[in-house]
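Chemist: From the sequence below, what's the structure:
(2 chains)
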Amino acid sequence: MAKIKGSIVIDVDRCKGCEICMVSCPTGTIAMAREVNGKGYNYAYPANPGLCIGCANCAVVCPDGVITVYKTKV
Amino acid sequence: MKEITGIKEYIKPENLVYRKSSLLTDDIMHYCPGCGHSTTHRILAEIIEEEGIQQDTIGISPVGCSVFLYNYIDIDWQEAAHGRAPAIATAIKRLLPDKFVFTYQGDGDLAAIGTAETIHSCNRGENILIIFINNGIYGMTGGQMAPTTLPGMKSSTSPYGRDVATMGNPLKITDIVATLPGTFYVTRQSVHTPANVRRTKRVMRKAFQYQKLNRGTCFIEIVSNCPSGWKMTPVQANKWMEENMFPWYPLGDLKVPEEQQDQQPKTE
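Modeler: As a prediction, this is how the structure comes out:
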């Protein structure tokens, strides 16, 4: 059976670390980094990239348009 | 630009499902982390891009947190005096009736200083779209009490909570506007979860399309958060909003066009 897999790209410099994407992710792909970006925010990053299903929930809810989403069948 | 990517082999142009709208400029929005304003700007830019009306859209930016809105979306803008956005939108729409004209206002702008303009432009049935962001507080000036502040809600000018006996009840201006004959479509939505963002986007697209019909004012209230003003994290603020704001400001359509009442499911 074909599995749906996704991948996200996070623009670190625009992220403000509001954590709304992390809460909205149904698979727990996203976590907040311990490092900070240029503005001093703990940015979001794909901690478990293998779990991503490309549902785009994180990107749809992200206030700053930080996330780009790709989705494919493998 | 520093980027972090997931699994690189899936990142191909044909697999793209979501990217930031090209109408949003490269300026980083000045809003606090998690603010509903940024989400609303983003879906506004997406709709204008997808409908292909960038050249035909004129926005009126308000005074309030969203005062720099004209820096973020690449369309024509006019800045209004505090609360006077519907008056300016009226003038622009009457002079350029083929353009899509919308105002974008917060609760201090629309429901406090601009109440007269709002009610009269809706009562005249001006063919404009009014987007109203309601976060129950004056966010830009430091979290003072607004007309829309909930009973018992603490703000910097009501430190013991809003006392209804002396300070009055929250103003539900969307309900007032829905009773006026000039309005065509009145709805209340939010942008705090993916489902609500998608629904708000659908509603806003519909409101832009209704402008072609020339039938009256469309009014969209977006119940939003203010993490800094409420002194919470964005996630806590969204939860607080669900528990406290939504009972006062229930989501859903308040007035739908008559010919569509039958087939339109109530969005709640």
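Chemist: Residue A:70 is in contact with residue B:8, isn't it?
Modeler: No: in this structure, residue A:70 sits apart from residue B:8 without contact. The criterion is C-beta atoms under 8 Å, and the distance is 9.9 Å. The way it works is simple: take the backbone N, C-alpha and C, and place the C-beta from them, glycine included.
Chemist: For residue B:25, grab the count of nearby residues.
Modeler: As a burial measure, residue B:25 scores 13 neighbours (other C-beta atoms under 10 Å in any protein chain shown).
Chemist: do residue A:74 as well
Modeler: For residue A:74, the tally of surrounding residues (other C-beta under 10 Å) stands at 9.
Chemist: wait, what's in contact with the residue lying closest to it once chain neighbours are set aside?
Modeler: Closest residue to residue A:74 in three dimensions, ignoring its sequence neighbours and counting by C-beta to C-beta, 6 or more residues apart in numbering or on different chains: residue A:5, at 5.2 Å. Counting by C-beta atoms under 8 Å, 6 or more residues apart in numbering or on different chains, residue A:5 touches A:52, A:53, A:54, A:71, A:72, A:73, A:74, B:7, B:10.
Chemist: model confidence over stretch A:56-73, on average?
Modeler: The predicted model assigns stretch A:56-73 a mean pLDDT of 93.
Chemist: That stretch near chain B anywhere?
Modeler: Yes: using C-beta under 8 Å from any C-beta of the partner chain, stretch A:56-73 comes into contact with chain B via A:56-57, A:59-72.
Chemist: mind listing the strands for the stretch 151-268 of chain B?
Modeler: Ranges of strands in the stretch 151-268 of chain B, per DSSP state E, counting those that start in this stretch, are B:183-190, B:217-223, B:252-255.
Chemist: What pairs with the second one, parallel or antiparallel?
Modeler: Each strand pairing with strand B:217-223, determined using DSSP bridges, is listed with its direction: strand B:129-134 (parallel), strand B:183-190 (parallel).
Chemist: Can I get that strand in PDB? Just the C-alpha atoms.
Modeler: Extracted in PDB, the C-alpha atoms of strand B:217-223 (Å, rounded to 0.1, in the frame of the first residue of the first chain):
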ATOM      1  CA  THR B 217     -21.800  45.200   3.200                       C
ATOM      2  CA  CYS B 218     -20.100  42.000   4.200                       C
ATOM      3  CA  PHE B 219     -18.900  41.900   7.700                       C
ATOM      4  CA  ILE B 220     -16.500  39.300   9.100                       C
ATOM      5  CA  GLU B 221     -15.600  39.300  12.800                       C
ATOM      6  CA  ILE B 222     -12.500  37.200  13.700                       C
ATOM      7  CA  VAL B 223     -12.300  36.400  17.400                       C
END
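Chemist: what helix or strand does residue 58 sit in?
Modeler: All of this refers to chain A. Under the assignment given by DSSP states H and E, the secondary-structure element containing residue A:58 is helix A:57-61.
Chemist: meant chain B, my bad for not saying
Modeler: Assignment of secondary structure by DSSP H and E places residue B:58 within strand B:57-61.
Chemist: And that strand, what does it pack against?
Modeler: In this structure, strand B:57-61 packs against strand B:76-79, helix B:85-95, strand B:100-106, with contacts taken as 3 or more C-beta pairs under 8 Å, 6 or more residues apart in numbering or on different chains; DSSP states H and E.
Chemist: buried ones in the second one?
Modeler: When neighbours are counted by 16 or more other C-beta atoms under 10 Å in any protein chain shown, the buried residues of helix B:85-95 are found to be B:85, B:86, B:87, B:88, B:89, B:90, B:92, B:93.
Chemist: How far away from the center of its chain is that helix?
Modeler: Going by C-alpha atoms, centre = their mean, to the nearest Å, the spacing between the C-alpha centre of helix B:85-95 and its chain's C-alpha centre is 18 Å.
Chemist: OK, contacts around residue B:130?
Modeler: So, once contact is read as C-beta under 8 Å, 6+ apart, residue B:130 ends up touching B:85-86, B:89, B:102-103, B:105, B:110, B:118, B:121-122, B:217-220.
Chemist: circling back to that earlier point, send me the host helix or strand of the residue nearest to residue A:74 as CSV with only the CA atoms.
Modeler: Mapping residue A:5 onto the secondary structure by DSSP H and E places it in strand A:4-11. Provided in CSV are the C-alpha atoms of strand A:4-11 (Å, rounded to 0.1, in the frame of the first residue of the first chain):
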residue,chain,number,x,y,z
ILE,A,4,1.7,9.2,2.2
LYS,A,5,4.8,11.0,3.3
GLY,A,6,5.5,14.7,3.8
SER,A,7,8.3,17.0,4.4
ILE,A,8,8.5,20.5,5.8
VAL,A,9,10.9,23.4,5.3
ILE,A,10,11.2,25.9,8.2
ASP,A,11,12.4,29.4,7.6
